[in-house]
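A.B. asks: Sequence and computational prediction follow.
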Amino acid sequence: MISMMAQAPVSYRKALEGCSCEIQYDVSIAPYTSLKIGGPADVMAFPKTVTEVVAVMKRVSQHQLPFFVLGGGSNVLVLDGGIEGVVIQLDRLNRITRVDTRLLFAEAGVSYPKLSTHAMGCGLSGLEFAAGIPGTVGGAVAMNAGIPGEETWEVLKEIAFVDDKGEFEVIPAEYVRHGYRSAALPKGVVVSACFSLSQAPVEQIEETIKGLMKRRRETQPLSFPNVGSIFKNPAGAYTGRLVEEVGLKGYSVGGAQISDRHGNFIINRDNALARDVLDLIKKVVHKVRQERGVKLELEVRIVGRE
């Protein structure tokens, strides 16, 4: 199914004509991000299968189109001018399969909390931490999502990947360098992942998840749109605590606010714009550097046109 609008660039229409997956033009990104902020995408593609991802990426490569991969939109701030090129939205890649007694396969669009719950139902331990991480499997792989002491790449066996030329490959986890909230992946699209887990009683796994979720509800502003942590935690410190120490918890710009519950969260309190969020980020970076001598590093990705 192809949905076209008159203002869509001719080059995009011609390049993607005949694609089997759904294509839409001039689409607001905001509903597809957890912060509910962002201008329009020139094009959005909604593949349902890996074959459709390959087909889209081959067109992107052939016509040298810019592209951006979007899963749950939970770790991204899209600027008010929107995103140039083709946004590949992966929510429809949503299969989960138990491969054997310890291996769990999930496509990139699967919700990470949903995968955690599914693993629990299988009596598989190792993904309890994922229950409180918004976003999708693909995003979790790309950014090595985790909580203190536990990370995605610690339980990965391999990933399936479509590169920027449209070539499909399976990459063993040990072949990819990864670190704190990062993974050295080539340019392209993570389409699935296989997790190596351990067997444990369902009751034990459930108890761990309940504890993690209780803490999350107590410490994070879950009632407002947000992108999770804005900054990485500096070595030996916590960004949320630093923000509180410099007196910025609750500080607002426009419709955006630094959460009064957790200093490393910015919430969309009232129809915020991306520029409101950017102003808050700049304020935090400057004040923490000035008063605590700590240079903060972004965890959220900032993309698009101003």
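C.D. replies: Nice, I can see it. Numbering: from 1, shown residues only.
A.B. asks: can I assume residue 194 sits in a strand?
C.D. replies: Yes - the assignment for residue 194 is a strand, going by DSSP: H, G, I helix; E, B strand; the rest coil.
A.B. asks: What pLDDT is listed against residue 221?
C.D. replies: The per-residue pLDDT reported for residue 221 equals 89.
A.B. asks: excluding its backbone neighbours, what's nearest it?
C.D. replies: residue 259 (4.1 Å; C-beta to C-beta, 6 or more residues apart in numbering). Placement of C-beta: from N, CA and C, glycine included.
A.B. asks: How about residue 270, nearest residue that isn't a chain neighbour?
C.D. replies: Closest to residue 270 by C-beta to C-beta, 6+ apart is residue 255, at 4.0 Å.
A.B. asks: How many residues are close by the one you found?
C.D. replies: Residue 255 has 15 neighbours, counted by other C-beta atoms under 10 Å.
A.B. asks: now do residue 257
C.D. replies: 24.
A.B. asks: right, and it touches residue 267 too?
C.D. replies: Yes - using C-beta atoms under 8 Å, residue 257 is in contact with residue 267, at 5.4 Å.
A.B. asks: where do the helices sit along this structure?
C.D. replies: Assigned by DSSP state H, the chain shows helices spanning 10-16, 50-62, 112-121, 137-143, 202-219, 239-245, 274-292.
A.B. asks: Tell me which other helices or strands the second one touches.
C.D. replies: When you say that, I think you mean helix 50-62. Secondary-structure packing of helix 50-62 (3 or more C-beta pairs under 8 Å, 6 or more residues apart in numbering; DSSP states H and E): helix 10-16, strand 83-89, strand 156-163, strand 188-196.
A.B. asks: Would you single out the least confident of those?
C.D. replies: Mean pLDDT values for the helices and strands packed on helix 50-62 show the minimum at helix 10-16, a mean of 84.
A.B. asks: okay, now the domains of the chain?
C.D. replies: Annotated domains of the chain cover 10-89, 96-206, 222-303 [automatic domain parsing].
A.B. asks: closest to residue 212 out of the ones you listed?
C.D. replies: Across the domains of the chain, residue 212 has its closest neighbour in domain 96-206 (5.2 Å, C-beta to C-beta).
A.B. asks: what distance separates the start and the end of the closest one?
C.D. replies: By C-alpha to C-alpha, to the nearest Å, the extent of domain 96-206 from end to end equals 19 Å.
A.B. asks: need the contact list for residue 38.
C.D. replies: Going by C-beta atoms under 8 Å, 6 or more residues apart in numbering, residue 38 touches 28-30, 32, 77-80, 82-83, 274, 304.
A.B. asks: before we move on, back to that, next, count neighbours for the residue nearest to residue 221.
C.D. replies: 22.
A.B. asks: Settle this for me: it is touching residue 266, isn't it.
C.D. replies: Yes - using C-beta under 8 Å, residue 259 is in contact with residue 266, at 7.0 Å.
A.B. asks: Quickly list what's touching both of these two.
C.D. replies: Shared contacts of residue 259 and residue 266 (C-beta under 8 Å, 6+ apart): residue 226.
A.B. asks: which stretch among the helices and strands packed on helix 50-62 comes nearest residue 122?
C.D. replies: Nearest of the helices and strands packed on helix 50-62 to residue 122, taken as C-beta to C-beta: strand 188-196 at 10.9 Å.
A.B. asks: If I take that closest one and helix 112-121, what angle do their directions form?
C.D. replies: Computed with axes from the mean of the first three to the mean of the last three C-alpha atoms, to 10 degrees, the direction of strand 188-196 lies at 20 degrees from that of helix 112-121.
A.B. asks: Show me what strand 188-196 is packed up against.
C.D. replies: helix 50-62, strand 103-107, helix 137-143, strand 156-163.
A.B. asks: Noted, bye for now.
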